[in-house]
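for reference, the sequence and a predicted model appear below.
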Amino acid sequence: MNTEVLLARNEGAALVLTINNPATRNSIGPEFFQAAREALNAAAADPVVGAIVFTGAGGFFSSGGNLNQLAATRELTAEARRARLELLHGLIRAIRNNPKPVIMAVEGGAAGAGMSLALAGDLLVAARNAFFAAAYIKAGLTPDGGLTALLAESVPRQFLTRMCLTGERVSAERMHALGVVGTLAEPGSAEAAAIGLARQLARGPERATARILGLCRTAPALPLDEQMEREAGSMVESLGDSEAVEGIAAVLGRRNPDFDALRG
């Protein structure tokens, strides 16, 4: 029996990280948060890794926090509960600050903190029959892991409020219609679709990709003038980068660019 909470494997330039707790539908807690954060930091510094895919073992993404563990935190001080919560928030920040694209592959469902994790990725692939649930209310709890902020990037306040106050399941197809899910896949094929997308992105210019990720991550929250300042800074950097030399030459020469020699 494999007791690792996180499994890692390479699929070409894609690093696949699998939540590995199928007995509890991949509930997540401190051990997973720490392992995932370490894996993300290592991937950020690894020139072989071009993109990262998160998935869940056993055909389910994640049911969120382990309620037995959460119940035990009642015995802790407020400061200790906050420190434990920061492990989750540190993982979400590690995803949002990673220079490599992070793609979430959701089969089955993503609930509670599992939904927060799914929303934190740069791109979200979900099986048509999967569901999403901000299920905190059912346990008398409130959202964490940035769920309200991340979901508000895509949906109106009324929809956000309904999801959080009812905890009801919302289908992947509905989330796709709202723009939360970027790609729908047939059941059982979300991981393969995410890996294919990861490999495609990994062939792109490494530093330009990191700059674009930074811009896309801040765009929903920043005023137009501030975002344009960030765009200007990124464009100035990009124009002075050897990636632009190769990219522009490839476009003008009507050939595919070769960015591999420029990595690292």
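Cool, the structure landed. In this text, all values refer to a predicted model and were calculated from it rather than measured experimentally.

give me the nearest residue to residue 7, chain neighbours excluded.
residue 18 (4.2 Å; Cβ to Cβ, 6 or more residues apart in numbering). (Each C-beta comes from the backbone N, C-alpha and C, glycine too.)

contact partners of the strand or helix carrying that neighbour?
Assigned by DSSP states H and E, residue 18 belongs to strand 14-19. By Cβ atoms under 8 Å, 6 or more residues apart in numbering, the residues outside strand 14-19 that reach it are 5-10, 26, 28, 32, 36, 39, 43, 46, 49-57, 61-62, 191, 195, 198-199, 202.

average pLDDT for it, rounded please.
If you average the pLDDT over strand 14-19, you get 98.

got it, and stretch 30-37?
The model assigns stretch 30-37 a mean pLDDT of 96.

in that stretch, which of the residues would be classed as buried?
32, 33, 35, 36, 37 (16 or more other Cβ atoms under 10 Å).

about what we covered before: the strand holding residue 18: partners in the sheet, and parallel or antiparallel?
In the sheet, strand 14-19 lines up against strand 6-11 (antiparallel), strand 51-56 (parallel) (DSSP bridges).

re the thing from before, list the beta-bridge partners for the residue nearest to residue 7.
Assigned bridge partners for residue 18, using DSSP bridges, are residue 7, residue 55.

list the buried residues for the helix or strand hosting residue 70?
Residue 70 belongs to helix 67-72 when assigned by DSSP H and E. For helix 67-72, the neighbour count (16+ other Cβ under 10 Å) marks residue 70 as buried.

what's the answer for stretch 226-235, then?
residue 234.

and that stretch, how far out from the chain's middle?
What separates the centre of stretch 226-235 from the centre of its chain is 24 Å, taken as Cα atoms, centre = their mean, to the nearest Å.

do the same with stretch 122-138
12 Å.

where do the helices sit along the stretch 1-150 of the chain?
30-44, 67-72, 78-96, 113-120, 147-152 (DSSP state H, counting those that start in this stretch).

can I get the last one in PDB, CA atoms only?
I take that to be helix 147-152. Extracted C-alpha coordinates of helix 147-152, given in PDB (Å, rounded to 0.1, in the frame of the first residue of the first chain):
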ATOM      1  CA  LEU A 147     -12.000  30.100  -2.700                       C
ATOM      2  CA  THR A 148     -14.200  33.300  -2.700                       C
ATOM      3  CA  ALA A 149     -11.500  35.400  -4.400                       C
ATOM      4  CA  LEU A 150     -10.700  32.800  -7.000                       C
ATOM      5  CA  LEU A 151     -14.300  32.000  -7.800                       C
ATOM      6  CA  ALA A 152     -15.200  35.700  -8.000                       C
END
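
which neighbouring elements make contact with it?
helix 113-120, helix 157-166 (3 or more Cβ pairs under 8 Å, 6 or more residues apart in numbering; DSSP states H and E).
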